[in-house]
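Trainee: With the input below, show me the fold.
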Amino acid sequence: MNNNTTICIDLAKEVFQVAVFNQAGKAKLNKEVTA
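Mentor: Reported below is the predicted structural model:
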């Protein structure tokens, strides 16, 4: 079984955005993190 996951990290100046997508392209997590 192959479970591919894509993790995206947006490194901005004041806010970081983290998103995790499953193999079908559906967002499993989309979270804004402040430093």
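Trainee: what about the chain, any weak spots by pLDDT?
Mentor: 1-2, 35 (pLDDT under 70).
Trainee: Specify the beta-bridge partners of residue 17.
Mentor: Beta-bridge partners of residue 17, counted by DSSP bridges, are residue 10, residue 32.
Trainee: okay, now it: neighbour count?
Mentor: Residue 17: 13 surrounding residues under other CB atoms under 10 Å. For every residue, glycine as well, the C-beta is placed using N, CA and C.
Trainee: Same check on residue 31?
Mentor: Residues contacting residue 31 under the criterion other CB under 10 Å number 9.
Trainee: quick one: contacts for it?
Mentor: Applying CB atoms under 8 Å, 6 or more residues apart in numbering to residue 31 gives the contacts 17-19.
Trainee: How about residue 33?
Mentor: Counting by CB under 8 Å, 6+ apart, residue 33 touches 15-18.
Trainee: Please identify which of those is nearest to residue 6.
Mentor: Checking the contacts of residue 33 against residue 6 by CB to CB gives residue 18 as the nearest, at 11.7 Å.
Trainee: was I right about that closest one contacting residue 6?
Mentor: No - applying CB atoms under 8 Å, one finds residue 18 not in contact with residue 6, separated by 11.7 Å.
Trainee: Now do the helices in this protein.
Mentor: Taking DSSP state H, the chain contains no helices at all.
Trainee: Pick out the residue nearest the middle of it.
Mentor: The centroid of the chain falls nearest to residue 19 when counting by CA atoms, centre = their mean (1.4 Å).
Trainee: Adding distance to residue 28, write the contacts of residue 33 out as TSV.
Mentor: TSV is the format used below for those (distance: CB to CB, whole Å):
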residue	distance to residue 28
15	20
16	17
17	14
18	11
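Trainee: Once you drop chain neighbours, what's closest to residue 7?
Mentor: residue 20 (5.3 Å; CB to CB, 6 or more residues apart in numbering).
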